[in-house]
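Q: fold the following and give me the result.
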Amino acid sequence: MTDQQSRDAIAGAWQDLVHTARRTAAEGLVVGTSGNVSVRVGGLILVTPSGIPYEQLGPGDAVGVNPDGRQVLGEFTPTSELPLHLSVYRSTPARAVVHTHAVHATAVSTLVPELPLIHYMAAAFGGPVRVAPYALYGTDELAAGMLAALRDRTGCLLRNHGTVTYGATLAQAYDRTAQLEWMCRLWLTASSVPGRTPSLLSEDQLREAGEKLRGYGQPGR
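A: Numbering: from 1, shown residues only. The predicted model follows:
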């Protein structure tokens, strides 16, 4: 890849990152500058900066770090959740990570150790979505707890905090975030009906759904 091709790839990835970050705000998954997004381009990890409203980010505002967390691109300070993002890249095949403070998912994180199997889309995460124990934001302790909750999963909840999902692309990571918030909202809605208890899927039913989901969509796309 030539230097120009590398610069073009970084510019394109930054544009996609900003679009995804703005989407988290527009669709109510974060408020203000909370939450953060990252994407990997070769040996560079692009991340949202700390405390900058997403609508103010432009093409010249790209922020990037190397896999060790040393900033190598941009003037703005990287997100305070950089340890969380770096941990995901070091421990999973992730190419993109989305972290939000989605309301329903955060509410569920305060109630249960894992999201009950209210819907078969849990199979898209590799199984029941776990809740990582509470830890102060931006710390190695939070990142470690998150990694334990992410074991064999593509998303988790952070107790009293929010969500983390990853994917092969920003679009996939975002879709998983949205699906997780929807499942949490569904469970909260069903479980709030007085005198009734939601029916849940069995592990066998979830496994069956997971096998069918592997063939979902358009082949070759």
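Q: all strands of this structure, in order?
A: Along the chain, the stretches classed as strands by DSSP state E are 36-41, 44-47, 64-65, 71-73, 96-100, 131-132, 155-158, 162-167.
Q: tally of neighbours for the closest residue to residue 68 other than its chain neighbours?
A: Using Cβ to Cβ, 6 or more residues apart in numbering and skipping the chain neighbours, the partner closest in space to residue 68 is residue 86 (8.0 Å). C-beta here means a position set from N, CA and C on the backbone, and glycine is covered the same way. Taking other Cβ atoms under 10 Å as the criterion, the count of residues near residue 86 is 21.
Q: please apply the same query to residue 130.
A: With neighbours defined by other Cβ under 10 Å, the count for residue 130 comes to 21.
Q: list the buried residues in the longest helix belonging to the chain.
A: Scanning the chain for the helix with the most residues, using DSSP state H, yields helix 3-26. For helix 3-26, burial by neighbour count (16 or more other Cβ atoms under 10 Å) applies to 10, 13, 14, 16, 17, 18, 20, 21, 23, 24, 25.
Q: ok, now stretch 141-156?
A: 142, 143, 144, 145, 146, 147, 149, 150, 153, 154, 155, 156.
Q: and for that stretch, what's in contact with it?
A: Counting contacts by Cβ atoms under 8 Å, 6 or more residues apart in numbering, the residues outside stretch 141-156 that touch it are 83-84, 86-88, 91-92, 124-127, 129-133, 135-136, 157-158, 161, 163-167, 176-177, 180.
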